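Asker: quick check, what structure comes out for this input:
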Amino acid sequence: MQIIRPSNKSPGSFRTTFMVDDPLTEKPEPTSKLVGRAQGIYALASQHDVGLLMAMNFALPERVYNGSALCILGRNAVLNTVREMPVVGGGRIFRFARGYAWPRQFGLIRMEMLL
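Answerer: Prediction:
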């Protein structure tokens, strides 16, 4: 859901901000098993290329992970084939989590994230 639109003076879509609450599945296919929700905010944060600022929680409600979440915060250079985003923490079973995620784009809408 778009929450901030760019002004008429902004180049491209700079400043456009979205709030998401999307299904988190085992595999990129939409029919894959649902394991949680990807909830957060992303914004087009670059005036020079397609760079997103992403603040995302991966909330996992099932089995031993019930109520746990991983938190990712960083730049997602969408047009780059290889990119990394930092895992900056988490909750419950993932408390004090650290590491990185490798996002991979599937078309304009679907994204896979290897943690």
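Asker: so what are the sheet partners of the strand or helix carrying residue 18 and their directions?
Answerer: Residue 18 belongs to strand 17-25 when assigned by DSSP states H and E. Partner strands and pairing direction for strand 17-25 (DSSP bridges) are strand 2-4 (antiparallel), strand 34-44 (antiparallel).
Asker: the last one: which residues count as buried?
Answerer: By neighbour count with 16 or more other Cβ atoms under 10 Å, strand 34-44 contains the buried residues 35, 36, 37, 38, 39, 40, 41, 42, 43, 44. For the C-beta atoms, the positions are set from N, CA and C on the backbone; glycine is no exception.
Asker: now tell me what touches that strand from outside.
Answerer: Applying Cβ atoms under 8 Å, 6 or more residues apart in numbering, the contact partners of strand 34-44 are 4, 6, 12-26, 50-62, 65, 72, 76.
Asker: and which of the buried residues of strand 34-44 is nearest residue 101?
Answerer: Nearest to residue 101 among the buried residues of strand 34-44, counting by Cβ to Cβ, is residue 38 at 11.3 Å.
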